[in-house]
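Enquirer: I need the structure of the sequence given here:
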Amino acid sequence: ARGALDLPISNYFIYTASGVADAAASTRSAADIAAAYKTAIWEGCRCVDLHVHEPRPGEAEPVVRPRTSSVTAPLRYILMAILGALPQGHLPLILHVEHHLDG
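Expert: Purely as a prediction, here's the structure:
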């Protein structure tokens, strides 16, 4: 059946956007970071990089920070933005998580 995903993942072309973090580098807010991820998803990207760092002082949740930016966004906020941007029947979605956590 057309659209069935019953073969190994290596049989499919998956559009990746390692540049999402670079596009988000000029951001000024968490909303700008989320918008960069949403735009990539809307453009068909199904594999995104998430650079996860230690929480900000006084907070408990890890944050996403683009490679060349000092602006951060809570991980949960970014994941919810990605989830909300996905069209119905979006399979697959790959999250490439690069963690910069101490523990």
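
Enquirer: what strand or helix carries Leu95?
Expert: strand 94-100 (DSSP states H and E).

Enquirer: give me the contact list for that strand.
Expert: With CB atoms under 8 Å, 6 or more residues apart in numbering as the test, strand 94-100 has contacts from 14, 16, 18, 46-54, 62, 82. Just so you know, the C-beta spots here come from the backbone N, C-alpha and C atoms, and that holds for glycine as well.

Enquirer: what about those residues, which are in strands?
Expert: The strands, defined by DSSP state E, take in Thr16, Cys47, Val48, Asp49, Leu50, His51, Val52, His53 from the contacts of strand 94-100.

Enquirer: out of the residues you listed, which are buried?
Expert: Buried by 16 or more other CB atoms under 10 Å: Cys47, Val48, Asp49, Leu50, His51, His53, out of the ones in strands among the contacts of strand 94-100.

Enquirer: count of residues packed around the nearest residue to the fourth one once chain neighbours are set aside?
Expert: In space, not counting the residues next to it along the chain, Leu50 is nearest to Val97; the distance is 5.0 Å by CB to CB, 6 or more residues apart in numbering. As a burial measure, the neighbour count of Val97 was computed by other CB atoms under 10 Å and equals 13.

Enquirer: follow-up on the earlier one: of the buried ones among the ones in strands among the contacts of strand 94-100, closest to Arg67?
Expert: Using CB to CB, His51 comes nearest to Arg67 of those, at 6.0 Å.

Enquirer: burial count for the nearest residue to the closest one once chain neighbours are set aside?
Expert: Sequence neighbours aside, Glu98 is the residue nearest to His51 in space, at 5.1 Å (criterion: CB to CB, 6+ apart). Other residues near Glu98 come to 11 when the count uses other CB under 10 Å.

Enquirer: gap between Glu98 and Pro8?
Expert: In this view, Glu98 and Pro8 are 24 Å apart by CB to CB, to the nearest Å.

Enquirer: repeat that for Lys38.
Expert: According to CB to CB, Lys38 stands 29 Å off from Pro8.

Enquirer: neighbour-wise, which of the two wins?
Expert: More crowded of Lys38 and Pro8, by other CB under 10 Å: Lys38, with 17 against 7.
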